[in-house]
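# predicted model follows, preceded by the sequence.
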Amino acid sequence: EVSQAIARLRQRDIPVFALLSELPAGGHSAGFIGQDARKMGRTAGWAMSQMTQPGPVGIITGSHRYVCQELYEIGFRGYFREKAPQFSVIEPIFSQEEATLAAQATQALLEAEPHLTGLYVAGGGIEGVVATLRASGRGDLFVLGHDLTATTRGALIDGTLNMLLSLPRRELAERTVDAMMDWFTSKNRLEGTRQFILPIDIYTPESL
């Protein structure tokens, strides 16, 4: 339905710009301002493989309906399959972007996988993950999440999280405005389908 709506708008020469998660619509795709989600997932896999011992690693994502989160998982799994087969990636658990569900998912994962070595939080609800990890005392886990916020900053500082792959928010806003203004200025239909791939900001406890 979303793809059809984009196609109808593009046929009327109205540009559509997707943020964070791409919205393909065949020959009438939306423009895109965000990060390369597959590379984000592979970067998460690389970091985890370098900074923890081989063993089972988990992934908590928000929903398979988000294209970007689906690609995070694909990239994450792909890295381990190609470069670090001594690790095993557990089937993802979904949080539906809710902190309470994310907390429940984390608790269930810790109980089901006592030898878990790493956890990749690739979706929303990380507040629940952080609270559960603090209560569990599992300081041995390598935990990687997305985006620097007040919650994740505090979790990095106290050691609950080990690394964040973050979005450069100011650049996201600037690129979005630039893309829209470029279309209005040029009236070139192709301007409405341009992609602006943003860099990955990486944060660790020592970089704050």
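Thanks, I have the structure now. Numbering: from 1, shown residues only.
# ok, the nearest residue to residue 29 once chain neighbours are set aside - contacts?
In space, and not counting its chain neighbours, residue 29 is closest to residue 193: 5.3 Å by Cβ to Cβ, 6 or more residues apart in numbering. C-beta coordinates here come from the backbone N, C-alpha and C atoms, glycine included. Each residue near residue 193 by Cβ atoms under 8 Å, 6 or more residues apart in numbering is listed here: 10, 29-31.
# what about these, which are in helices?
Taking DSSP state H as the definition of helices, those contribute residue 10.
# relative to residue 111, which of the contacts of residue 193 is nearest.
Top of the list for closeness to residue 111, among the contacts of residue 193 and by Cβ to Cβ, is residue 30 at 41.4 Å.
# angles on the backbone of that closest one, please.
Note on residue 30: backbone dihedrals following degrees, to the nearest 10 are phi -80, psi 160.
# can you count the residues close to residue 23?
17 (other Cβ atoms under 10 Å).
# residue 54 now?
By other Cβ under 10 Å, neighbour count at residue 54 equals 14.
# thinking again about what came up before, of all the contacts of residue 193, which two lie farthest apart?
Pairwise distances across the contacts of residue 193 peak at 9.9 Å for 10 and 31 (criterion: Cβ to Cβ).
# between those two, who's got more neighbours?
residue 31 (24 against 21).
# spatially nearest residue to that one (excluding sequence neighbours)?
residue 17 (4.3 Å).
# the one you found is in contact with residue 180, isn't it?
Yes - counting by Cβ atoms under 8 Å, residue 17 does reach residue 180; the two are 6.6 Å apart.
# more neighbours: which of these two?
The residue with more neighbours, out of residue 17 and residue 180, is residue 17; 19 against 16, by other Cβ under 10 Å.
# model confidence for that one, exactly?
pLDDT for residue 17: 92.
# same thing with the one 4 residues further on?
Turning to residue 21, the model gives it a pLDDT of 89.
# quick one, what contacts it?
Contact partners of residue 21, counting by Cβ under 8 Å, 6+ apart, are 34, 37, 66-69.
# all helices of the protein, in order?
Under DSSP H, the chain gives helices at 2-11, 37-51, 67-83, 99-112, 126-136, 150-157, 169-186.
# lowest average pLDDT across those helices?
Minimum mean pLDDT among the helices of the chain: helix 2-11, a mean of 87.
# please point out which parts of it sit buried.
6-7, 9-10 (16 or more other Cβ atoms under 10 Å).
# and if you look at stretch 42-59?
Buried-residue list, stretch 42-59, by 16+ other Cβ under 10 Å: 42-49, 52, 56-59.
# repeat for stretch 75-94
Residues of stretch 75-94 classed as buried by neighbour count (16+ other Cβ under 10 Å): 75-80, 84, 87, 89, 92-94.
# on the pLDDT front, check the residue nearest the centre of the chain for me.
By Cα atoms, centre = their mean, the chain has its centre lying nearest to residue 122, at 4.5 Å. On pLDDT, residue 122 comes in at 96.
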